[in-house]
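K.L.:
have a look at this prediction, sequence included:
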Amino acid sequence: MCKALSTGEPVCVRDLSTWEEHPLIGRQKERKPHRLLPTNLYVVLYNFTSRHPDELDLRAGYKVTVTDTSDPDWWQGKCLGRTGYFPSKYVTRLNCGEKPLQVTHNLQVTDGDNGIKLLRDQIVIQIGEEVEGMVMIRNGDNQQGVCPLKYLQEA
C-alpha cells in the first residue's frame, strides 16, 4: 500500500519483510527498503518549453509532483525545485512499483493481438518485474506490451 507524507515526499519504510534468507550462505540478509511514491508523482512524456514565466520547462523523463489539477488542460506542479504550469497531456501518473524507462531504438512490441510502436527516446513505464530479459510496459496512452529490456534504459 502506498503512502506519502503530508509534504508529498516519498517515504522509505523498514519492516520485518525486508529480511530474507540468503540462498547461498543460509543467513539472514537485509533487502533494500522500498521507496513509496506519493500518489501525485508523474513522469514527463514529452519535452515542453515554457512560453510564460509561470510555466515549467520540462524534459521527457523528468518527474513532477502535481499540486493542482483543477484545470483539465494545464496543471501546476513542482519539478527540480521550481513550481509552474504545464500541459496535463504531457505527463502520466507513476504508480507504486512502476519505473520510467526510455526507449533506445525504434521497434514494434506486441502482447497478443495488440501492437505498440515505440520510438527512440520515447518514455514508457515498466509495470512489471523483469522476466528472462523481458518487461511489461505501458505508454502514455496506457497501451501495454512486453518489451525486451535491452531496448530500454533508465529515464
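P.N.:
Structure received. Numbering: from 1, shown residues only.
K.L.:
who's in contact with Val109?
P.N.:
Gly115, Ile116, Leu118, Ile137, Gly145, Val146, Cys147 (C-beta atoms under 8 Å, 6 or more residues apart in numbering). Backbone N, C-alpha and C define where each C-beta goes, glycine included.
K.L.:
now it: which helix or strand?
P.N.:
Assigned by DSSP states H and E, Val109 falls within strand 107-111.
K.L.:
for PyMOL, what selects the buried ones among the contacts of Val109?
P.N.:
Applying 16 or more other C-beta atoms under 10 Å to these leaves a buried subset, and the PyMOL line that selects it is:
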select buried, resi 116+118+137+145+147
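K.L.:
of all the contacts of Val109, which two lie farthest apart?
P.N.:
Put simply, by C-beta to C-beta the two of those set farthest apart are Gly115 and Ile137, 13.1 Å from each other.
K.L.:
overlap in contacts of these two?
P.N.:
Joint contacts of Gly115 and Ile137 (C-beta under 8 Å, 6+ apart) are Val109, Gly145.
K.L.:
who does Gln102 bridge with?
P.N.:
Ile123, Gln153 (DSSP bridges).
K.L.:
wait, it sits on Gln126?
P.N.:
No. Judged on C-beta atoms under 8 Å, Gln102 makes no contact with Gln126 at a distance of 11.0 Å.
K.L.:
tell me the bridge partners for the nearest residue to Asn142 once chain neighbours are set aside.
P.N.:
Here the nearest residue to Asn142 in space, its sequence neighbours aside, is Thr92; by C-beta to C-beta, 6 or more residues apart in numbering that works out to 8.0 Å. Counting by DSSP bridges, Thr92 is bridged to Val43.
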